[in-house]
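J.: below is the sequence, then the predicted model.
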Protein chains: 2
Amino acid sequence: MTNLLETNETIARENKSIFKCHNVFVVNLMSSPGSGKTSLLEATIEHFKKKIRIGVIEGDICGKIDVKRLTRFKIPLVQINTDRWGGTCHLDANMIKNVLSDINISRIDLLFVENIGNLVCPAEFNIGENKKVLLSSVPEGDDKPLKYPLMFRVSDLLLLNKIDLLFHTNFNRKRFTKLVSNINPKLKILEISVKNGKGLDRWFSWLKNELSIS
Amino acid sequence: MTNLLETNETIARENKSIFKCHNVFVVNLMSSPGSGKTSLLEATIEHFKKKIRIGVIEGDICGKIDVKRLTRFKIPLVQINTDRWGGTCHLDANMIKNVLSDINISRIDLLFVENIGNLVCPAEFNIGENKKVLLSSVPEGDDKPLKYPLMFRVSDLLLLNKIDLLFHTNFNRKRFTKLVSNINPKLKILEISVKNGKGLDRWFSWLKNELSIS
């Protein structure tokens, strides 16, 4: 395991150099299954499509369902299916490296990598990203930081999605915020609803700030 | 990977023999993070507590939060924390074998194993269970069978939880049922809401039938 992670780190550093050289900002988007990663990407691409060039690497065990959802944007898209690698439950730096030639990163400003829906292993594998963004969602419950602490520890931004369902669940915002803060006091939480658009302006502002655009 | 799974199968068969010898029915309960596994166990233990002897093995990366929730029932409980095994994202047969002496299975009729919240790797590792029960939930979306087909293929029963949220989401029942049926035509789907109790009677009946009790 240690060797595997060390090898991954080496390749992640190589990816990082390549991204830097091409001036591409890379977001590793991680969450449980069904937290709304692809829907978030749809809203984000829609918002930025006339301002910056976005590309997406989609990670899934199998299938192309998410890539199909994004095809209408006519942006650079690549699907990684980990069933080639025995159905691995995360993306690693080498998988990303292998598809870089397919996505023509010299023509991209912002690259999203939609990781496999999983709160465990994706947290351990750097892929050379600039920022790790974790998408949680209200129906998953407020106790997730306690159960998947590494994911909350390594992330740079936490989006709490499906905030529109807050009053239909027993999700306790205060408890969630406290648990997150205990694990990662610097982790900024933005409440959003991709469904009704609430809070997305702050997510877009965060991205603009990171990309140094106005 | 093949060797790992073969070794797991051998130990799973040993576990199965032990369970059979002690007349314990074992349910491997699997889901995404936050689908409601522990809440389902609370409702199930409450319902059966005067009828049958239930024990629970709780699987988590770290922490004892779920075990604490179940302590009030005063039933045999064991926590497995996979951070001992490098934070593994699933339970395997050997982990179960290692705790069997702690849970005194000769005094249990029904053993629930709450697996790590993950739709990928738990599907690959038999633990010697009688049945695999998959808990999906409405807010996760109706496309999960397409993205995590192995989990749907290996499961013996599918509980669709949080059905109370159906009209607050764009979850399409027909689509979900069709996708499940394409992957595993024999997989029975029971719609439930642990929150308001809807459909739990059918889950309890399923368990009674499997345990051959009235």
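T.: Received, thanks. Numbering: from 1, shown residues only, chains lettered A, B, ... in the order given.

J.: what is the burial count for A:Val170?
T.: No, residue A:170 isn't Val; it's Asn. Residues near A:Asn170, counting by other C-beta atoms under 10 Å in any protein chain shown, number 9. (Each C-beta comes from the backbone N, C-alpha and C, glycine too.)

J.: same check, this time on A:Lys50
T.: For A:Lys50, the neighbour count with other C-beta under 10 Å is 6.

J.: now do the one 3 residues further on
T.: Counted with other C-beta under 10 Å, residues neighbouring A:Arg53 total 14.

J.: who's in contact with the closest residue to it other than its chain neighbours?
T.: Computed as C-beta to C-beta, 6 or more residues apart in numbering or on different chains, the closest residue to A:Arg53 that is not its neighbour in sequence is A:Asp109, at 4.8 Å. Applying C-beta atoms under 8 Å, 6 or more residues apart in numbering or on different chains to A:Asp109 gives the contacts A:Asn23, A:Val24, A:Phe25, A:Ile52, A:Arg53, A:Ile54, A:Leu211.

J.: and with 7 Å instead?
T.: If you count contacts by C-beta atoms under 7 Å, 6 or more residues apart in numbering or on different chains, A:Asp109 has them with A:Val24, A:Phe25, A:Ile52, A:Arg53, A:Leu211.

J.: of those residues, buried ones?
T.: Buried subset of these (neighbour count, 16 or more other C-beta atoms under 10 Å in any protein chain shown): A:Val24, A:Phe25, A:Ile52.

J.: the second one and A:Glu42, how far apart?
T.: In this case it means A:Phe25. Distance check for A:Phe25 against A:Glu42: by C-beta to C-beta, to the nearest Å, it reads 19 Å.

J.: the top helix by length along chain A: which residues count as buried?
T.: Using DSSP state H to define each element, chain A has its longest helix at helix A:2-21. Neighbour-count burial for helix A:2-21, counted by 16+ other C-beta under 10 Å, picks out A:Asn8, A:Ile11, A:Ala12, A:Asn15, A:Lys16, A:Ile18, A:Phe19.

J.: what helices and strands are in contact with that helix?
T.: With contacts taken as 3 or more C-beta pairs under 7 Å, 6 or more residues apart in numbering or on different chains; DSSP states H and E, helix A:2-21 sits against helix A:93-103.

J.: near chain B at all, the following helix or strand past the helix it packs on?
T.: As assigned by DSSP states H and E, the chain's next helix or strand after helix A:93-103 is strand A:110-114. No - using C-beta under 7 Å from any C-beta of the partner chain, we find that strand A:110-114 stays clear of chain B, coming within 11.3 Å at best.

J.: which SS state does the residue nearest the centre of chain A fall under?
T.: Central residue of chain A (C-alpha atoms, centre = their mean): A:Leu29, 0.4 Å from the mean position. Look at A:Leu29: counting by DSSP: H, G, I helix; E, B strand; the rest coil, its state is strand.

J.: beta partners for it?
T.: Beta-bridge partners for A:Leu29, by DSSP bridges, are A:Glu114, A:Val133.

J.: how about A:Ile54?
T.: With DSSP bridges as the criterion, A:Ile54 is bridged to A:Leu110.

J.: so which residues of chain A form strands?
T.: Taking DSSP state E as the criterion, chain A carries its strands at A:25-31, A:54-60, A:77-81, A:110-114, A:131-137, A:157-161, A:188-191.

J.: I'd like those laid out as CSV, including mean pLDDT.
T.: Compiled in CSV, those are given as follows (pLDDT from 0 to 100):
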stretch, mean pLDDT
strand A:25-31, 98
strand A:54-60, 97
strand A:77-81, 96
strand A:110-114, 98
strand A:131-137, 98
strand A:157-161, 98
strand A:188-191, 98
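
J.: now those strands in JSON lines, with distance to B:Gly128?
T.: What follows is these, written out as JSON lines (distance: least, C-beta to C-beta, whole Å):
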{"stretch": "strand A:25-31", "distance to B:Gly128": "31"}
{"stretch": "strand A:54-60", "distance to B:Gly128": "30"}
{"stretch": "strand A:77-81", "distance to B:Gly128": "31"}
{"stretch": "strand A:110-114", "distance to B:Gly128": "35"}
{"stretch": "strand A:131-137", "distance to B:Gly128": "33"}
{"stretch": "strand A:157-161", "distance to B:Gly128": "37"}
{"stretch": "strand A:188-191", "distance to B:Gly128": "41"}
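
J.: out of the ones you listed, which comes closest to A:Phe125?
T.: A:Phe125 lies closest to strand A:25-31 among those, at 9.1 Å (C-beta to C-beta).

J.: now do that closest one against helix A:2-21, angle only.
T.: 140 degrees (axes from the mean of the first three to the mean of the last three C-alpha atoms, to 10 degrees).

J.: now do strand A:25-31 and strand A:54-60, the angle between them.
T.: Here strand A:25-31 runs at an angle of 30 degrees relative to strand A:54-60 (the same axes, to 10 degrees).

J.: what angle separates strand A:25-31 from strand A:110-114?
T.: Using the same axes, to 10 degrees: strand A:25-31 against strand A:110-114 is 20 degrees.

J.: which bits of chain A sit near chain B?
T.: A:1, A:32-34, A:60-63, A:65, A:86-87, A:89, A:116-121, A:137, A:139-141, A:143-144, A:146-150, A:162, A:165, A:168.

J.: buried subset of these?
T.: Burial by neighbour count, 16+ other C-beta under 10 Å: within the residues of chain A next to chain B this picks out A:32-34, A:60-63, A:87, A:89, A:116-121, A:137, A:139-141, A:143-144, A:146-150, A:162, A:165, A:168.

J.: A:Val67 and chain B: what is the separation?
T.: 12 Å (C-beta to the nearest C-beta, to the nearest Å).

J.: who are the contact partners of that residue?
T.: A:Glu58, A:Leu77, A:Gln79 are the contacts of A:Val67 under C-beta under 7 Å, 6+ apart.

J.: contacts only, for the first one.
T.: Contacts for A:Glu58 were tallied using C-beta under 7 Å, 6+ apart; they are A:Asp66, A:Val67, A:Leu77, A:Gln79, A:Ile80, A:Glu114.
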